[in-house]
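Peer 1: predicted structure and sequence below. I'll ask about it afterward.
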Amino acid sequence: MPFSEAPPLPQGAGYGILVGVGALFAVFIVFTLRVSLNYLGERANKSEMFMVANRAVGVGLTASAVFSSWMWANETLYGAVVGYNFGMSGPFWFAAGLSFHIALMTVVGIQVKLKVPNGHTLLEIIKFRYGVPGHIVYMVFCLINNILSCSTMILAAAGAISAITGMHAAAASMLIPVGVILYTAAGGLKATFLTDYVHTTVALILLMYFCIGILTNEHIGGVYGLYEKVLAYSDNADHYIKGNYQGSLLTFKSQGGALFSICHNIANLGLVIMDTAFWQKSMAAGLKATVPGYMIGSVLIFCVPWALGTISGLGARVLEESGVIDPISAHALDVGNVFPIVTHALLGKGASVGIVLMLFMSVTSTVSAEMIAVSSIISFDIFRTYIKPNASDRVLIFVSHAGVVFFGLLSGAIAVAFYFGGIDLNWMSYFLGIAITPGVFPVILTILWKRQSRLAAIVSPILGLATGLGVWLGTAQVYFGEISVKSTGAPLPNVWGNIATLMSSLLFSVIITLVRPEDFDWLIFHNISKVNEDDESLQDPEAIGENLTSSSFVSDSDSPSKNEASKVIVNHDITSSENDSEHDSDHRDQTKQTLNSSTHSLSSVDYHVAVVNEAATSNGLFQPRLVIPEHLSPFRKFLYYIGWDTTHTDYSSHPLGADSIPIMLYWYKVAKIFAVVICLITWIVWPFSLYRHYIFSKSFFSGWVIVGIIWVFLAFVFVVIFPLYDGRKSLFRVYDGLRTDWKKWRHRKGVQTEGKE
């Protein structure tokens, strides 16, 4: 038992929060959706709204959603564990493993806006470029990512809730997804944006309270008191931290922290790039909101493990030494119970209720986005692609709802299996990257490198996974003489396994591509259309081109004209290169004529599927060989061959309109600079300037902790207060609508009263 006495809260508190708060949010979402329909015209029973929120989410709500998507329960729980284990470096490395990956997604996200403006899911893009084999391969990898990440979150939260309330971890694992299922199925992606905001608001308020409450408690003594107590603790030879400089907790030079950072950073690359939820939120953001929203989220997410992990992790060491808490067991560390133990000891039962609530908020906000992502895979990438291509919008919504329910229950069941199988949060934190990162670089190159071949994209992640698993198991056998849960959960085998998985897939992709590169035409992606609604306008053939690119919540500046839409959706040539073979050219010409001649008889869903299937599957596994222009110099030929020097893509007929191109190119430049700066600061300049023979001084330690706390308050301002300002027009519209309806209701009530008299 992680607590010295009985669990601080009764089982009823756990059940009450998991069931009651989940039901409360479901009611809240139903009410919010009703208000959105009446006063904002948003309809969550349409696929475009359910899956990509009509691509019109503002900067503030995007930042809040990104922040919430990365504010896992693991960050509050395991951030304290690495602070306890490694000292000052642990929480920093945890935070650094969150920030850059979101910065990288800003680059990918704006490129998706430019190249795939009407995309719905990552897998839709994959199928369009690599055909059915690629689609199936990446579907498996994305589902592995979603299932493992979601189950890990549930496992972490369930373990802590079980320790605090005494309810069985299996029961908590199955109940956590239930409330999320209710409101996610009701509102789709827009519901996750709204609940993300509410969850983040509550969680950040509690986070500020916990940081200040723990730090100012008499047993800690403020910033200076914490420093002096940790310094005295480290001076005791019995508390020597192996791998740390002088065995101290107050140094950044920690071998264990460095090994953890490698596994953590690699795993988080997979959790972002291979997570279709991040792609959908990027697609859902407005044109001018994608990059700034993700930038805000990238900078601010740093505060969660940095501040709380440092204070509670070091605080646990101090409380052990003073006898306030019993020594924390290895099991309690593995399941992430450092933070709950410290908080209960210092702040009492009320704080324990707050922890359960914060964990519930953190895990449900992330799980809701995962549910939408997986339901999109089930409805779009499985059902509509392989089972019923002509499925109507109503059918797709029904399948999406079923997918939400299925994935929620499956994630809970897998978390239960992990629990009974002895797989804990510590084991998953080290292993996760091996399973989920083999597709990272091939996916990034799908959007950024037109030369990546279909064969390379399909084969490289499979080879990368096999390489990583082999290295992981082999090193576990070499280092420990056995393959067991304990040996495979050790840091070194996982470090080598993570590196092998990630880097070998990149190496395989580049080598296979350079043997026979492609010349992919980015404009082919523009043939992906929006899913249309089941309205009468579909019966008018002349309206099809307009409907395919219209959305009630895309601003005028973001919407194409009818002529541009028709030109891109109906008449755009779907050939990818002038160098295709004669057979492929004839086949593509025939395909284009068939599509053009049949447009008037197809619904938008039929047409969308026809275009995707024909464009993606008209060629075999090997694409036509790249033909290099003869007039180029040898060096220019080399650059052309690798895709560095290629023909400029003409985006004049972009579905979002020609005026949107300069905006997207500007934000792309900003995103690249931002990603490089964040990488340099968080991975090189900041950590390696401290990774030396240095023990933190009192003033430096104080500044470190205080800045971390200030960062938490800044996060509250930007992801809680700013979205209210950013969405003020919609809020005023809702307010005016409610006030008008209230006056009408009172007027009718008065008239009825007078009539009775």
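Peer 2: Great, that's in hand. Numbering: from 1, shown residues only.
Peer 1: so the closest residue in space to residue 177 that isn't next to it in sequence is in which element?
Peer 2: In this structure, residue 177 finds its nearest non-sequential neighbour in residue 408, 3.6 Å apart by CB to CB, 6 or more residues apart in numbering. For the C-beta atoms, the positions are set from N, CA and C on the backbone; glycine is no exception. Using DSSP states H and E, residue 408 falls within helix 393-420.
Peer 1: so which bits of that helix are buried?
Peer 2: 393, 395-397, 399-401, 403-405, 407-408, 410-416, 418-419 (16 or more other CB atoms under 10 Å).
Peer 1: pLDDT on stretch 179-192, on average?
Peer 2: Mean pLDDT, computed over stretch 179-192, is 63.
Peer 1: so where's the stretch 201-350 of the chain shaky on pLDDT?
Peer 2: 284-286 (pLDDT under 70).
Peer 1: next secondary structure element downstream of the helix holding residue 408?
Peer 2: Taking DSSP H and E, what comes next after helix 393-420 is helix 425-436.
Peer 1: how far away is residue 433 from residue 499?
Peer 2: 9 Å (CB to CB, to the nearest Å).
Peer 1: these two - which one has more neighbours?
Peer 2: residue 433 (28 against 18; other CB atoms under 10 Å).
Peer 1: pretty sure that one contacts residue 495?
Peer 2: No - in this structure residue 433 lies outside contact range of residue 495 using CB atoms under 8 Å: 9.5 Å.
Peer 1: what do those two both touch?
Peer 2: Residues touching both residue 433 and residue 495 comprise residue 263, with contact defined as CB atoms under 8 Å, 6 or more residues apart in numbering.
Peer 1: just the helices in the stretch 201-350 of the chain please.
Peer 2: 222-235, 255-273, 276-284, 290-300, 303, 309-322, 330-335, 338-347, 349-376 (DSSP state H, counting those that start in this stretch).
Peer 1: what helices or strands is the fifth one leaning on?
Peer 2: With contacts taken as 3 or more CB pairs under 8 Å, 6 or more residues apart in numbering; DSSP states H and E, helix 303 sits against helix 698-716.
Peer 1: next, the buried residues of the helix it packs on.
Peer 2: In helix 698-716, counting by 16+ other CB under 10 Å, buried: 701, 702, 704, 705, 708, 709, 711, 712, 713, 715, 716.
Peer 1: tell me which helix or strand comes right after that helix.
Peer 2: On the C-terminal side of helix 698-716, the closest following helix or strand by DSSP H and E is helix 722-726.
Peer 1: and that next one, how far from the chain's centre?
Peer 2: Computed by CA atoms, centre = their mean, to the nearest Å, the separation of helix 722-726 from the middle of its chain amounts to 22 Å.
Peer 1: show residues contacting it.
Peer 2: Counting by CB under 8 Å, 6+ apart, 58, 59, 60, 61, 63, 64, 197, 296, 731 sit against helix 722-726.
Peer 1: how is this protein partitioned into domains?
Peer 2: 11-53+75-437+664-726, 538-544+559-648 (automatic domain parsing).
Peer 1: which of these has the highest mean neighbour count?
Peer 2: Compared across the domains of the chain, domain 11-53+75-437+664-726 shows the largest average neighbour count, a mean of 22 (mean count of other CB atoms under 10 Å).
Peer 1: show the end-to-end separation of it, please.
Peer 2: 41 Å (CA to CA, to the nearest Å).
Peer 1: dump the residue contacts of residue 711.
Peer 2: Per CB under 8 Å, 6+ apart, neighbours of residue 711: 300, 302, 303, 306, 307.
Peer 1: wouldn't the third one be in contact with residue 708 here?
Peer 2: By that I understand residue 303. Yes - Residue 303 is within contact range of residue 708, at 6.3 Å (criterion: CB under 8 Å).
Peer 1: and for the nearest residue to residue 481 once chain neighbours are set aside, the neighbour number?
Peer 2: The shortest distance from residue 481 to any non-neighbouring residue, by CB to CB, 6+ apart, is to residue 487 (8.0 Å). Using other CB under 10 Å, residue 487 is surrounded by 18 other residues.
Peer 1: dump the host helix or strand of residue 487 to PDB, restricted to CA.
Peer 2: Assigned by DSSP H and E, residue 487 falls within helix 485-488. Output in PDB follows, covering the C-alpha atoms of helix 485-488 (Å, rounded to 0.1, in the frame of the first residue of the first chain):
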ATOM      1  CA  VAL A 485       9.600  -8.000 -17.500                       C
ATOM      2  CA  LYS A 486      12.300  -6.700 -15.300                       C
ATOM      3  CA  SER A 487      15.200  -6.900 -17.800                       C
ATOM      4  CA  THR A 488      13.100  -5.500 -20.700                       C
END
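Peer 1: what comes up buried for that helix?
Peer 2: 487, 488.
Peer 1: by how many degrees do the next helix or strand after it and helix 425-436 diverge?
Peer 2: Next helix or strand after helix 485-488 toward the C-terminus (DSSP H and E): helix 491-515. Using axes from the mean of the first three to the mean of the last three CA atoms, to 10 degrees, the inter-axis angle of helix 491-515 relative to helix 425-436 is 10 degrees.
Peer 1: re earlier: got the contact list for the residue nearest to residue 177?
Peer 2: Applying CB under 8 Å, 6+ apart to residue 408 gives the contacts 177, 178, 180, 181, 184, 367, 371.
Peer 1: the strands in the protein, which residues?
Peer 2: Applying DSSP state E to the chain gives no strands.
Peer 1: how about residue 422, nearest residue that isn't a chain neighbour?
Peer 2: residue 485 (5.5 Å).
Peer 1: contact partners for that neighbour?
Peer 2: Counting by CB under 8 Å, 6+ apart, residue 485 touches 422, 423, 427.
Peer 1: ok, back up a step: which one of the contacts of residue 408 sits closest to residue 744?
Peer 2: Distances from residue 744 to the contacts of residue 408, taken as CB to CB, are shortest for residue 184 (33.1 Å).
Peer 1: can you pull the pLDDT of residue 460?
Peer 2: Per-residue pLDDT puts residue 460 at 96.
Peer 1: equivalent analysis for residue 554, please.
Peer 2: 36.
Peer 1: hmm, residue 498 is touching residue 438, no?
Peer 2: No - Residue 498 is not in contact with residue 438 according to CB under 8 Å; the separation is 10.7 Å.
Peer 1: which neighbours do the two share?
Peer 2: residue 468.
Peer 1: more neighbours, those two?
Peer 2: residue 438 (31 against 28).
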